[in-house]
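Undergrad: Requesting a structural model of the entry that follows:
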Amino acid sequence: MKKQYVTLNLENINRVPVLQHNVSYSKSVWRYWRQLSRLQKNLIVTLIFITFFFIFYSIIFNSQRTEKNVEEPIVFNVEQNQVSPVNIDKYNEISEIDLNNIVEKKLAAMNKEQIKKKQRTKKIISLYWSKNNVDTLTARQKAVINAAKHAWTGYKKYAWGHDHLRPISLTYHDWFHLGLTIIDSLDTLYMMNLTSEFNDAKIWIENKFSFDHYSDDVNLFEVTIRILGGLLSAYHFSHDGLFLEKAADLGERLLPCFTKSPSPIPFSDINLASRIAHVPKWSPDSSTSEVTTLQLEFRDLSRCTKDSKFEEVAFNVTKHVHNLKKPYGLVPIFINPNTGQFNSDSEIKIGARGDSYYEYLLKQWLQTGKTIDFLKDDYIEAIKGITEKLVKVTPNKHFVFIGELKARSHLFSPKMDHLTCYLPGTLALGVYNGMPEEHMRLAEQLLETCYHMYADQPTFLAPEISYFNYEEKSVGPDMYVQQRDTHNLLRPEFIESLWVMYQITGDVTYQDWGWRVFQAIERYSKVANGYTSIANVLDPNNTKPKDLMESFFMSETLKYLFLLFSSNRHFLNLEKYVMNSEGHPLPIYNS
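TA: This next block holds a predicted model:
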C-alpha cells in the first residue's frame, strides 16, 4: 500500500525567523565539522593553538620591552667594591634599592626548586655582563676565558669535590680532600664573570664543605693560602656571608698550630676535625716561607670578623723572625717550632721554602697601610742581601739570575727555581710604593732571564729548575737544564710578574711575552678534558704528560693571564688590593 504524508506548516504559529536562522546555522557548522576527517580537525585545532600562542607571546614581549631600563644587566666592579654599570671604565653608582628590585624580579622568574637552591646567591646575580661589556674584553682575554671554561668543565665532570683533576685518565687526585680546585677558583670565576660556574662552586661549598668528620692532616700553609685566602677573596667580591662563615670556621680549626706550639713558630700540620697540631712526619722543622706566609690571610680574617686573635698569633711569627739573627737579611729555609730558632745548616734561597718570606714582608707592609716600619726595613735589607750574595751574571748572554747558598757550607750554587720568577713582580711593586729605584733595574733584568727560561726551550715552556754557567771561562751554554728538572707544572710566577710589570709600566711587551706562553700552554698542555702538566719541556714531540692539573692553574696562572691581557691594565688596582701567595686579592687597610 502506498504511503501518504501530511505537511504541517508552522510558520504562522511560531514567527521567530532570527531564532530559526541561528539554529539552522549552528546545526550547519556542527554538520560540517562532523564531516571533516581526523587530519583536517587536527590541523584546525593546531592553527587555533598557534594563533593564541603568538598573541600571548606578543603581549609578554611588549611588556618586557617596557621594563628594559630596569632589567639592564649589571656587573660587580672588583676595583671599587661597588655595584656599577657594565662599563668597567665608568663607575656610575646604582642604588641598593634598585639592585634589590632587580634581584627580586630575577628570583621571581625562578621556579620553587631553583629558589631553594639559590636563596644565598642573590648578590651573585650582579655578575652578569651585558653584550656591550663582553665586547670590551680583548680577544686574548676571551681566549683565556675559554681556557678556564675548558679546565672547569673537565674538573666538574671527572673530579668534582676533589682537590685536582687528572685530565687524561679522567679521574682525580686528592691531597687534602678539601675540594681545592673549587675554592681556589672562586675569585677567578668571579673576575671572568663565569656566573654559572661560580654558583655551582658556591652551592658545593654551602652543602658539602665541612670539617666535622675530617680525618686527614693538612698543611697549615697550603690550606691558608688556598682555602682561607680563596674564601676571603670570594667574600670581599661577592659580599656573601657564607664565605666568611666558612673562613672563620677554618681559622678556628687552624689556631692550635699557633697556640699549641711552645714558641711563636706554629706547627706545620694539623687535623681539622680533632684540631691536633704537630710537626711534619719527615722533619722536626717547619719551612720558613710557610710560617711567614700566613699573615695576610689571618690579618684579613681578623679585620672581617672583628676578632683580633687570628691577626695576633700570625703577626707574632713575623715579629719573632724579625728579632732573629739573619745574616744579610737572608733566612735559612727551615725553622724549629719547639725552639723558635732557624736551622742554621739549611739552605738559603729565594726559591722553594724560602720565597714568600720576602714577598710577605713587602705585602704585609702594604696591607697595613705602610704603617709598620720594621717590615719595610727588613725587606730593604733582604733585597740588599740578595743582590750582594745571590745575584750573578752569565758571561756571554748576560743573564742576571739568582742562585742559592748550599746547606751547611753555604757555598754558592747557580741553581734557580722557576718559583724565583715571582721576585721581579715583587721588586716592581716595591718600587711603585717607594722602595729604592735600583730595585726596578734588577726586576727588569730578572724578568728577562725568566722569559728566556721559556723562550729558549723548544716547547716555549719553562723547566722547574734552570742552571747557569757564570764563570768567565766556563764551558757550555749560559743556561741549561738537568734531566731531572725538565718538568713544567703550569706554574704562575712568571705570569704574575708580567702582570705587575705591565700594570706599573704599561709596556705591552709584557703582554706579548705572556701571550706566547699561553699559546705554548694551549699547544702542549691542553688535552680533551682539561690541562695537564708535562714532564719534558725539551722535546715537543715527547712532552710526557703528567696527567695532573693543579688548583693553582685556575687560581693563579689563568687569572694572571686574564688580568695581563686586559685593555684596562688597572682592572684590579694594586693600590687597593694585595695578592696573597696563591693569587687571591685581599683589600689594603689603613693600618
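
Undergrad: what residues does the strand or helix carrying residue 425 touch?
TA: Residue 425 belongs to helix 423-432 when elements are defined using DSSP states H and E. For helix 423-432, contacts defined as CB atoms under 8 Å, 6 or more residues apart in numbering pick out 350, 355, 358-359, 362, 366, 379, 383, 402, 435, 437, 439-440, 442-444, 446-447, 450, 496-501, 504-505, 574. C-betas here are computed from N, CA, C, even on glycine.

Undergrad: same check, this time on stretch 322-330
TA: By CB under 8 Å, 6+ apart, the surrounding residues in contact with stretch 322-330 are 341-342, 348, 374, 378, 381-386, 388-390, 405.

Undergrad: Among these, which ones are in strands?
TA: Secondary structure from DSSP state E places residue 405 of the contacts of stretch 322-330 in strands.

Undergrad: Of the contacts of stretch 322-330, just the buried ones, ChimeraX syntax please.
TA: Selection of buried members from those for ChimeraX, criterion 16 or more other CB atoms under 10 Å:
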select :342,348,378,382,383,384,385,386,389,390,405
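
Undergrad: and of the contacts of stretch 322-330, the nearest to residue 315?
TA: residue 374 (11.3 Å; CB to CB).

Undergrad: nearest spatial neighbour of the closest one, skipping sequence neighbours?
TA: residue 322 (5.6 Å; CB to CB, 6 or more residues apart in numbering).

Undergrad: That neighbour should be in a helix, yeah?
TA: Yes - residue state for residue 322 (DSSP: H, G, I helix; E, B strand; the rest coil) corresponds to a helix.

Undergrad: ok so, going back, quick check: next helix or strand after the helix holding residue 425?
TA: Downstream of helix 423-432 (by DSSP H and E), the next one is helix 438-455.

Undergrad: Give the other helices and strands that that next one contacts.
TA: Contacting helix 438-455 under the criterion 3 or more CB pairs under 8 Å, 6 or more residues apart in numbering; DSSP states H and E are the following elements: helix 373-389, strand 400-402, helix 423-432, strand 479-480, helix 493-505, helix 509-524.

Undergrad: tell me the mean pLDDT for the shortest one?
TA: Regarding strand 479-480, the rounded mean pLDDT is 98.

Undergrad: which residues sit against it?
TA: Residues from elsewhere that reach strand 479-480, judged by CB under 8 Å, 6+ apart: 394, 397, 399, 401, 449, 452-453, 456, 466-469.

Undergrad: Swap in 6 Å and give it another go.
TA: For strand 479-480, the external contacting residues (CB atoms under 6 Å, 6 or more residues apart in numbering) are 399, 466-468.

Undergrad: The last one too?
TA: For helix 509-524, the surrounding residues in contact (CB under 6 Å, 6+ apart) are 140, 451, 454, 459-461, 495, 498, 501-502, 543, 561, 564.

Undergrad: Let me have those residues in a markdown table, adding neighbour count and distance to residue 182 as columns.
TA: A markdown table is the format used below for these (neighbours: other CB atoms under 10 Å; distance: CB to CB, whole Å):
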| residue | neighbour count | distance to residue 182 |
| --- | --- | --- |
| 140 | 20 | 26 |
| 451 | 22 | 32 |
| 454 | 21 | 29 |
| 459 | 22 | 30 |
| 460 | 18 | 30 |
| 461 | 26 | 26 |
| 495 | 29 | 22 |
| 498 | 29 | 27 |
| 501 | 25 | 31 |
| 502 | 23 | 29 |
| 543 | 23 | 28 |
| 561 | 27 | 20 |
| 564 | 26 | 24 |
